[in-house]
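Undergrad: Any chance you can model this:
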Amino acid sequence: MTPHEDLTTAWLASAVAFVRLDEPALPSDAVFEAIVDACAPFRRGMRYSVVPAVTLDTERGRVPDVSDLVPKHGENLDGYLSSMSERGEGWALTVTEPLFDHYALWALLRKRLSALWMEVGHPIMPVGTEVILADGHGVLPVAPVDETTMYFGLSGSTVIEIGDDAHPLDAGAVLVAPAGTRPRLASAAASMVARVRVLARGSAPIVELVDVLAANADALGDGAVAYRPWDDSDGELPGLLDTEPVLLAEEVADASVLERWQAVQWLGRVSSAGLEPPPSPREPEALDDDDVLALVTDVHIIPEPNSDRSLWGVNGQVFTVTGTIPGTVLDRLRAKPTATVEELCSYADGEDNGALPLLYRLYVIRAIDLVERRNA
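TA: Numbering: from 1, shown residues only. Got it, this is the predicted structure:
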């Protein structure tokens with residue numbers, strides 16, 4: 001298969017496409033450390049309905065208890081791959097969403113995906129991520145038919161089977177498989193692959209909206225199930241849907257409420273390239289007037305209509321700001337590489353503008369970094 005020039009042209013090909021990157025999309029050793037952290041709770045026993053999730057498949061099927069088979073702290077990638085392969089059977093360890101607790105890795109993947117989405121459009125549904133360590137043939141099932149998948153080779157050599165075709169994938173290579181192609185990962189040698197999954201099912205936004213309406217109704221209602229008498233004398237329905245939760249759902253479905261919900265969802269996904277869950281906030285640090293800050297992440301903004309409030313989205317986190325000061329502070333951060341806390345928190349006449357709480361929030365969600373403490 002002839003490689004495409006870049007990820008954008010591969011995506012737009014609307015067919016199975018191959019790209020060769022200058023280097024692997026993520027550093028394999030750092031990703032392995034994230035996998036070790038994700039697997040740590042599973043060494044105490046299986047866990048279900050959690051993120052990150054861990055599964056181990058072999059030629060005999062899914063392993064019910066992975067506690068003795070997942071990597072542990074002190075191991076390295078090559079050592080773990082070698083020890084697992086010595087078991088003498090094909091295997092695949094899949095870790096779902098292992099990066100959100102490792103911001104540097106999450107941001108690297110977000111940056112690459114954001115560049116793609118800026119060209120082809122942002123998915124409105126969440127984008128899933130898995131890292132797969134594997135060795136052997138035909139261990140993993142085919143990808144769902146309603147997902148477009150991208151396979152990023154991070155280490156070793158892998159084969160992606162689509163129908164009767166086999167596509168080699170080594171470190172630095174990317175395979176794009178449109179929905180409906182049902183790719184199947186068949187690792188010919190010990191390898192690490194990142195799989196990005198983009199839902200292509202058109203009904204998915206409707207399902208998400210119904211879940212939102214139901215959640216709001218449950219939160220506001222009394223939770224009671226209605227009981228209605230049977231009366232066949234007039235043949236009329238006895239108000240089956242005239243219950244408090246349903247009426248509250250109708251209230252939630254007001255256009256302005258839905259518009260705000262859509263804005264929050266959209267900002268969260270655009271600012272994270274669709275990667276969910278977003279990374280956890282970091283611990284706050286005390287900020288002094290002479291501390292030097294730098295804007296390191298895009299801030300996405302949607303103004304609220306007929307209001308002095310705006311929604312801001314950063315790294316998948318969305319919050320509301322009020323008034324003109326936040327916009328002024330952001331303009332100052334964007335205008336030059338660095339600025340001191342005092343510069344950001346002062347009016348033109350030197351008076352305090354009250355922006356320090358905003359700076360704390362931007363710091364903990366990693367929109368800004370503390371680059372220098374001049375009084376340290």
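Undergrad: Now do the end-to-end distance for stretch 276-288.
TA: This stretch, stretch 276-288, spans 33 Å end to end (C-alpha to C-alpha, to the nearest Å).
Undergrad: Report the distance from that stretch to the chain centre.
TA: 17 Å (C-alpha atoms, centre = their mean, to the nearest Å).
Undergrad: Can you tell me what sits against that stretch?
TA: With contacts defined as C-beta atoms under 8 Å, 6 or more residues apart in numbering, stretch 276-288 is touched by 51, 97, 100-101, 103, 106, 126-128, 268-269, 272, 293, 315-317, 341, 356, 359-360, 363-366, 370, 373, 375. Every residue, glycine included, has its C-beta placed from N, CA and C.
Undergrad: List the buried residues for that stretch?
TA: Of all the residues in stretch 276-288, those buried under the rule 16 or more other C-beta atoms under 10 Å are 276, 278-279, 287.
Undergrad: next one: stretch 345-362
TA: 345-346, 353, 355, 358-359, 361-362.
Undergrad: what is the mean pLDDT for stretch 162-180?
TA: Summarised as a single mean, pLDDT over stretch 162-180 is 91.
Undergrad: ends of that stretch, how far apart?
TA: Terminal-residue distance, stretch 162-180 (C-alpha to C-alpha): 10 Å.
Undergrad: which helices and strands does the helix or strand hosting Glu119 pack with?
TA: Assigned by DSSP states H and E, Glu119 belongs to helix 103-120. Counting contacts by 3 or more C-beta pairs under 8 Å, 6 or more residues apart in numbering; DSSP states H and E, helix 103-120 packs against helix 7-12, helix 28-39, strand 191-199.
Undergrad: Helices along the protein, start to end?
TA: Under the criterion DSSP state H, helices of the chain are mapped to 7-12, 28-39, 77-85, 103-120, 204-220, 244-252, 255-272, 325-335, 341-344, 356-364.
Undergrad: contacting residues around the last one?
TA: Meaning helix 356-364. Residues contacting helix 356-364 (C-beta under 8 Å, 6+ apart): 281-285, 287, 293, 299, 314, 319, 321, 325-326, 329, 341, 344-345, 368-370.
Undergrad: Kindly state the beta-bridge partners for the spatially closest residue to Leu93 that is not a sequence neighbour.
TA: Nearest residue to Leu93, sequence neighbours excluded (C-beta to C-beta, 6 or more residues apart in numbering): Leu133, at 4.5 Å. Listed beta-bridge partners, Leu133: Leu93, Met192 (assigned using DSSP bridges).
Undergrad: from what I can see Leu133 touches Met192, true?
TA: Yes. Applying C-beta atoms under 8 Å as the test, Leu133 and Met192 come out as touching, 5.4 Å apart.
Undergrad: what sits in contact with each of the two?
TA: Joint contacts of Leu133 and Met192 (C-beta under 8 Å, 6+ apart) are Leu81.
Undergrad: Filter the contacts of stretch 276-288 down to just the buried residues.
TA: Members of the contacts of stretch 276-288 classed as buried by 16+ other C-beta under 10 Å are 97, 100-101, 103, 106, 126-128, 268-269, 272, 293, 315-317, 341, 359, 363-366.
Undergrad: Neighbours of Ala367, how many?
TA: Ala367 is flanked by 24 other residues according to other C-beta atoms under 10 Å.
Undergrad: what do you get for Asn76?
TA: The number of residues near Asn76, taken as other C-beta under 10 Å, comes to 13.
Undergrad: Enumerate every residue touching it.
TA: Counted by C-beta under 8 Å, 6+ apart, Asn76 has contacts 29, 32.
Undergrad: Tabulate the buried residues of stretch 345-362 (CSV), appending distance to Leu93.
TA: Converted to CSV, those look like this (distance: C-beta to C-beta, whole Å):
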residue, distance to Leu93
Cys345, 48
Ser346, 53
Asn353, 52
Ala355, 47
Leu358, 42
Leu359, 41
Arg361, 37
Leu362, 37
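Undergrad: wait, which of the residues you listed is closest to Tyr151?
TA: Leu362 (35.0 Å; C-beta to C-beta).
Undergrad: helices and strands of this structure: which one bottoms out on pLDDT?
TA: helix 244-252 (a mean of 61; mean pLDDT, DSSP states H and E).
Undergrad: Contacts only, for the residue sitting nearest the centre point of the chain.
TA: When the chain is reduced to its mean C-alpha position, the nearest residue by C-alpha atoms, centre = their mean turns out to be Leu275, at 1.6 Å. Applying C-beta under 8 Å, 6+ apart, one finds that Leu275 lies in contact with 99-100, 106, 109-110, 113, 126-127, 129, 316.
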